[in-house]
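A.B. asks: Next one to model:
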Amino acid sequence: MSDRKLQPHSPDQFSDALTDVTGSVSAKKAILVIYDIFGFFPQTIQGADILAASEEYQVFMPDFFEGQPADIAWYLCRLRYGT
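C.D. replies: Numbers count the residues shown, from 1 in each chain. Take a look at the predicted model:
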């Protein structure tokens, strides 16, 4: 898997959120990963690594929830109790 780092965006870009970045800095194409309210899971990060492995893409995953995504128990509770 590629090296990854969290990078703050400059204020003139789309967000000041920390962003998980993977892939070649010399890539000519980029992918912006937008995930659901439960944040990104290991599978999301693995998918970003797979996309970036070709070195054709650099992949960006902003931390929209600032390390505080929704609790997955909310969803599991709804499935279990139908509320």
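A.B. asks: Look up how far residue 30 lies from residue 66.
C.D. replies: Distance of residue 66 to residue 30, given as Cβ to Cβ, to the nearest Å: 22 Å. For glycine as for every other residue, the C-beta is placed from the backbone atoms N, C-alpha and C.
A.B. asks: One more: residue 51?
C.D. replies: Taking Cβ to Cβ, one finds residue 51 at 10 Å from residue 30.
A.B. asks: These two: who's more crowded?
C.D. replies: Between residue 51 and residue 30, counted using other Cβ atoms under 10 Å, residue 51 has the larger neighbour count: 17 against 12.
A.B. asks: Give the residues shared as contacts by residue 51 and residue 30.
C.D. replies: 57, 59 (Cβ atoms under 8 Å, 6 or more residues apart in numbering).
A.B. asks: residue contacts, residue 70?
C.D. replies: 37, 38, 39.
A.B. asks: Spatially nearest residue to the last one (excluding sequence neighbours)?
C.D. replies: Right, the one you point to is residue 39. In space, and not counting its chain neighbours, residue 39 is closest to residue 69: 2.9 Å by Cβ to Cβ, 6 or more residues apart in numbering.
A.B. asks: Repeat that for residue 31.
C.D. replies: residue 59 (4.8 Å).
A.B. asks: Could you check which helix or strand contains the one you found?
C.D. replies: Assessed by DSSP states H and E, residue 59 sits inside strand 57-62.
A.B. asks: Is the residue nearest the centre of the chain bridged to anything, and to what?
C.D. replies: Closest residue to the average C-alpha location of the chain: residue 61 at 3.0 Å, with Cα atoms, centre = their mean. Residue 61 forms beta bridges with residue 20, as assigned by DSSP bridges.
A.B. asks: right, and it touches residue 40 too?
C.D. replies: Yes: using Cβ atoms under 8 Å, residue 61 makes contact with residue 40 at a distance of 5.9 Å.
A.B. asks: anything in contact with each of those two?
C.D. replies: Residues within reach of residue 61 and of residue 40 at once, by Cβ under 8 Å, 6+ apart, are 20, 33.
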